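Undergrad: based on what follows, work out the 3D shape:
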Amino acid sequence: MKNTHGSEMNKSSLALVLVLVGLTSGYRIVSALWLTSLPNFSPVMALALCCGMILPGLWAAAIPLGCLFVTDLLLNAHFGQPLVGSGTLVIYACYLFAIGSGALLRNRGWKPVMATVFANAILFYLVTNTMAWSGNPYYPQSLGGWIQSLTVGRPGFPPTWTFFRNSLFGDLGFTGTFLGLSHWLKNRSQAPATAPQERSI
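TA: Take a look at the predicted model:
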């Protein structure tokens, strides 16, 4: 893989991404099984955006989507759910959109990055909740039912707006953490080596 920062930065970036993939996969599985008090607080969307910003070519899509696919496979097998559902392709398309938006944000400042994180969180929330509402007998198939699916949700369940809150906080926090680590690693790899000092006799 070619990178404008040289092979050392390239290797460092790839090593960082692989570590983040391992941590992201582990966190997603642990949170789904045991940390259920924070639904949708996940680093996967942040990983997709950051891979789009850091990695070139197909790597930017293959690594986060591979992480998502493998963890989906394990979690769906555990909960007895099919791997591919009616909305799987749409959900993966949202992650592809995040990867593409990340690629457009390379060498940009923090403000456009965080604005994009916010926009991606809104898009994902609207898309997934619209799928949950469409054809669902628990919701009126009307504008009022759609608004209900985006706000209070179904009786007996947490309000759906809390899922958006958790998703947004997770996306912002994990994106900031991932990019902060990447920036630190970039500066560390580009720092000139300190010349050895002469020892006096």
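Undergrad: for H78, see how far away T88 is.
TA: According to CB to CB, to the nearest Å, T88 and H78 sit 17 Å apart. C-betas here are computed from N, CA, C, even on glycine.
Undergrad: tell me which of these two has more neighbours.
TA: Comparing T88 with H78 by other CB atoms under 10 Å, the one with more neighbours is T88, at 14 against 11.
Undergrad: dihedrals phi and psi, that one?
TA: According to degrees, to the nearest 10, the main-chain angles of T88 amount to phi -60, psi -50.
Undergrad: look at the closest residue in space to it that isn't next to it in sequence and report its pLDDT.
TA: Distances taken as CB to CB, 6 or more residues apart in numbering place D72 nearest to T88, at 8.0 Å, with adjacent residues excluded. The model reports D72 with a pLDDT of 91.
Undergrad: give the next helix or strand downstream of the host helix or strand of D72.
TA: Taking DSSP states H and E as the criterion, D72 maps to helix 59-79. Proceeding N to C from helix 59-79, the next assigned helix or strand is helix 88-104, under DSSP H and E.
Undergrad: can I get the CA coordinates of the next helix or strand after that following helix in PDB?
TA: The helix or strand immediately downstream of helix 88-104 is helix 110-133, counting by DSSP H and E. Backbone C-alpha positions of helix 110-133 (Å, rounded to 0.1, in the frame of the first residue of the first chain) are rendered in PDB as follows:
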ATOM      1  CA  TRP A 110     -11.800  18.400  13.400                       C
ATOM      2  CA  LYS A 111     -14.900  20.500  12.700                       C
ATOM      3  CA  PRO A 112     -15.900  18.900   9.400                       C
ATOM      4  CA  VAL A 113     -15.000  15.500  10.800                       C
ATOM      5  CA  MET A 114     -17.300  15.800  13.900                       C
ATOM      6  CA  ALA A 115     -20.000  17.400  11.700                       C
ATOM      7  CA  THR A 116     -19.800  14.300   9.400                       C
ATOM      8  CA  VAL A 117     -19.900  12.000  12.500                       C
ATOM      9  CA  PHE A 118     -23.100  13.700  13.600                       C
ATOM     10  CA  ALA A 119     -24.700  13.500  10.100                       C
ATOM     11  CA  ASN A 120     -23.800   9.800   9.800                       C
ATOM     12  CA  ALA A 121     -25.400   9.100  13.200                       C
ATOM     13  CA  ILE A 122     -28.600  10.800  12.100                       C
ATOM     14  CA  LEU A 123     -28.600   9.000   8.800                       C
ATOM     15  CA  PHE A 124     -28.100   5.600  10.400                       C
ATOM     16  CA  TYR A 125     -30.800   6.400  13.000                       C
ATOM     17  CA  LEU A 126     -33.300   7.400  10.400                       C
ATOM     18  CA  VAL A 127     -32.600   4.400   8.100                       C
ATOM     19  CA  THR A 128     -32.700   1.800  10.800                       C
ATOM     20  CA  ASN A 129     -35.800   3.100  12.600                       C
ATOM     21  CA  THR A 130     -37.600   3.600   9.300                       C
ATOM     22  CA  MET A 131     -36.900  -0.100   8.600                       C
ATOM     23  CA  ALA A 132     -38.200  -1.000  12.000                       C
ATOM     24  CA  TRP A 133     -41.400   1.000  11.400                       C
END
